[in-house]
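**Q** Need coordinates for the below:
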Amino acid sequence: MPALAELLLDAASLYLFFLAVGYRSELGAILVAYAAANILAVIPVTPAGLGVIEANLVAVTVAYGAPVQLAVLAVLGYRVANFWLPLPIGLACSVH
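**A** Residues are numbered from 1 along each chain as shown. Next up is the predicted model:
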């Protein structure tokens with residue numbers, strides 16, 4: 001159950017980034033994009049799915065009707081908050 005909660009909260013944060021840039025998307029479209037991106041991220045092309053996740057999220061949300069500029073802005077904001085922001089915090093915690 002905690003893993004499901006983590007996934008749903010992560011998808012909800014992506015939805016909130018779309019709301020933050022001014023685009024009200026269908027929740028189902030965000031869930032489909034999120035699921036497809038995470039499935040493709042498992043393929044070991046790049047570390048942690050860098051580029052694969054972003055491209056997939058933008059492509060799927062644009063296919064569901066999001067404007068390209070807003071989709072790129074929302075996805076990059078989501079990836080910065082979700083992937084890049086925790087890295088320096090983790091590094092600072094691991095250095096003794």
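**Q** going forward, measure contacts and count neighbours with C-alpha atoms only.
**A** Fine.
**Q** now this structure, which segments are flagged as low pLDDT?
**A** By pLDDT under 70, the chain has no low-scoring segment.
**Q** Tell me, how many residues neighbour the spatially closest residue to residue 79 that is not a sequence neighbour?
**A** Excluding its sequence neighbours, the residue lying closest to residue 79 (CA to CA, 6 or more residues apart in numbering) is residue 54, at 7.5 Å. By other CA atoms under 10 Å, 18 other residues sit near residue 54.
**Q** show me the contacts for residue 54.
**A** 37, 75, 76, 79 (CA atoms under 8 Å, 6 or more residues apart in numbering).
**Q** What residues of the host helix or strand of residue 30 count as buried?
**A** Using DSSP states H and E, residue 30 maps to helix 27-41. Buried residues in helix 27-41, counted by 16 or more other CA atoms under 10 Å: 29, 30, 31, 32, 33, 34, 35, 37, 38, 41.
**Q** Run the chain-centre distance for that helix.
**A** Average the C-alpha atoms of helix 27-41, do the same for its chain, and the two points are 8 Å apart (CA atoms, centre = their mean, to the nearest Å).
**Q** contacting residues around that helix?
**A** 11, 14-15, 48-49, 52-54, 56-57, 60-61, 64.
**Q** would you list those residues in CSV and tack on distance to residue 23 and secondary structure?
**A** Shown next, in CSV, are those (distance: CA to CA, whole Å; DSSP: H, G, I helix; E, B strand; the rest coil):
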residue, distance to residue 23, secondary structure
11, 15, helix
14, 12, helix
15, 9, helix
48, 27, helix
49, 25, helix
52, 22, helix
53, 20, helix
54, 17, helix
56, 18, helix
57, 15, helix
60, 15, helix
61, 11, helix
64, 12, coil
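**Q** hmm, which of those residues are the buried ones?
**A** 11, 14, 15, 49, 52, 53, 54, 56, 57, 60, 61, 64.
**Q** Show me which of the contacts of residue 54 are buried.
**A** 37, 75, 76, 79.
**Q** which SS class is the third one?
**A** For residue 76, the secondary structure call by DSSP: H, G, I helix; E, B strand; the rest coil comes out as helix.
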